[in-house]
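*Asks:* The amino acid sequence is not available; the structure is as follows:
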């Protein structure tokens, strides 16, 4: 018999977070989260996303053993402002038993029906800065700290339960040796002169902080037209600023300013923490934070996390300026591989940015939808 319970206490939520540690204990491809970081994200008194969202964390038990988990989410900004009557599900992990998947998803359906919503979609997080998508290709590829991993049978379960593909994402990788500066060095000089633009680089985290709010504003403007986008609120900006900026090497954040010092483009790249996270198994103490610090300083792989360009400057080659600055930084640091995080298959403008670097798609993922 399968029993579903809601995880509410810190102890229960810790068990919820730890379930994948046992499910993927033998997988060399799964990347563990930091347990304390997950707990903070799920804390409704700390994470400002809950100002405009509600979430319920469910565990499935059989014979007093955890056999699955899921989060049922309503992003009320999405429902009320974008008029998308959707209930989300995320943090979905399960043993290979479709009855467990069915029981967990029923809790998501219940939440959607309670609020007269029209469909369910997932896996996805609370907002656009969370992980997204079920892995559908690339099960033999190691993940990153900002993607979920899953077994192939997850897809089979959802398809058998009547879910249809909603959104598709691709992830790719290319060696830094593929980057030929002649593709952008001459162009970036011309673009700077034509539009009066200049790069802004950083060496200290504290120097970035005064610009972060404008960066998130530009992020909202850049992606506003994408069907899946929900804007980041002012309160969320403060939260992300405190939580994530210190994780990123300041020299890996690049800005482009116009002649009046207005921000027109930005890019965030992160060192790869994959190997360190696999070593520390979710624990920062006593020595986990040292492994992360080592990765931050010495990782030879980097992950392209976010890029934003003001609508007025899109299709004007501004990325040539950004690539030129990264080329200098990556050459100095001896970077070997560049990894791209999930990008919507329909976002052709983003895909075109990388065409000269001969990227190879190594993972694909999808979200799935079912009408209620």
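*Replies:* Done, it's in. Quantities reported herein were computed from a predicted structural model and do not represent experimental measurements.

*Asks:* List the contacts of residue 291.
*Replies:* With contact taken as C-beta atoms under 8 Å, 6 or more residues apart in numbering, residue 291 is in contact with 276, 279, 280. Just so you know, the C-beta spots here come from the backbone N, C-alpha and C atoms, and that holds for glycine as well.

*Asks:* Is there a quick ChimeraX command that grabs whichever of these are buried?
*Replies:* Entered in ChimeraX, the line below selects the buried ones among the contacts of residue 291, by 16 or more other C-beta atoms under 10 Å:
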select :276,280
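
*Asks:* the helices in the protein, which residues?
*Replies:* Secondary structure of the chain by DSSP state H: the helices cover 10-23, 35-42, 76-81, 98-114, 153-160, 185-195, 205-208, 212-223, 234-244, 274-280, 288-298, 319-333, 348-353.

*Asks:* Just put these in TSV and tack on distance to residue 123 and mean pLDDT.
*Replies:* Converted to TSV, the helices of the chain look like this (distance: least, C-beta to C-beta, whole Å; pLDDT from 0 to 100):
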stretch	distance to residue 123	mean pLDDT
helix 10-23	13	98
helix 35-42	15	95
helix 76-81	15	91
helix 98-114	11	98
helix 153-160	9	98
helix 185-195	38	94
helix 205-208	31	92
helix 212-223	20	90
helix 234-244	20	83
helix 274-280	20	96
helix 288-298	25	93
helix 319-333	30	96
helix 348-353	21	82
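
*Asks:* Of all the ones you listed, which one is nearest residue 142?
*Replies:* Among those, the nearest to residue 142 by C-beta to C-beta is helix 274-280 (5.8 Å).

*Asks:* Can you spell out which helices and strands pack onto that closest one?
*Replies:* helix 288-298 (3 or more C-beta pairs under 8 Å, 6 or more residues apart in numbering; DSSP states H and E).

*Asks:* Flag every buried residue along the helix it packs on.
*Replies:* Those would be 288, 291, 292, 295, 296, for helix 288-298 by 16+ other C-beta under 10 Å.

*Asks:* Distance to residue 4 for the contacts of residue 291 - can I get that in a markdown table?
*Replies:* Shown next, in a markdown table, are those (distance: C-beta to C-beta, whole Å):
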| residue | distance to residue 4 |
| --- | --- |
| 276 | 34 |
| 279 | 34 |
| 280 | 31 |
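
*Asks:* Out of the contacts of residue 291, which is nearest to residue 32?
*Replies:* residue 280 (7.7 Å).

*Asks:* And the residue nearest to that closest one when sequence neighbours are not counted, how close does it get to residue 30?
*Replies:* Closest residue to residue 280 apart from its sequence neighbours, by C-beta to C-beta, 6 or more residues apart in numbering: residue 288 at 3.6 Å. Taking C-beta to C-beta, to the nearest Å as the measure, residue 288 falls 17 Å from residue 30.

*Asks:* cool, residue 135 as well?
*Replies:* 10 Å.

*Asks:* try residue 292
*Replies:* 18 Å.

*Asks:* do the same with residue 96
*Replies:* In terms of C-beta to C-beta, residue 96 sits 15 Å off from residue 30.

*Asks:* With neighbour numbers in mind, choose between these two.
*Replies:* residue 30 (19 against 13; other C-beta atoms under 10 Å).

*Asks:* Spatially nearest residue to the more buried one, not counting backbone neighbours?
*Replies:* Residue 30's closest residue in space is residue 24 (C-beta to C-beta, 6+ apart), at 3.7 Å.

*Asks:* Check the one you found and give its pLDDT.
*Replies:* For residue 24, the model assigns a pLDDT of 97.

*Asks:* Repeat that for residue 227.
*Replies:* Value for residue 227, per-residue pLDDT: 64.

*Asks:* all numbers from here: first residue = 240
*Replies:* Okay, using 240 as the starting number, the last item reads as residue 466.

*Asks:* Residue 271: neighbour count?
*Replies:* 22.

*Asks:* Next, the contact list for the closest residue in space to it that isn't next to it in sequence, please.
*Replies:* In space, residue 271 comes closest to residue 521 once its chain neighbours are excluded; the distance is 4.7 Å by C-beta to C-beta, 6+ apart. Residues near residue 521 by C-beta under 8 Å, 6+ apart: 256, 257, 260, 271, 272, 273, 274.

*Asks:* and with 7 Å instead?
*Replies:* When contacts are counted by C-beta atoms under 7 Å, 6 or more residues apart in numbering, residue 521 touches 260, 271, 272, 273, 274.

*Asks:* for those residues, which one is nearest residue 294?
*Replies:* Once C-beta to C-beta is applied, the member of those that ends up nearest residue 294 is residue 272, at 16.1 Å.
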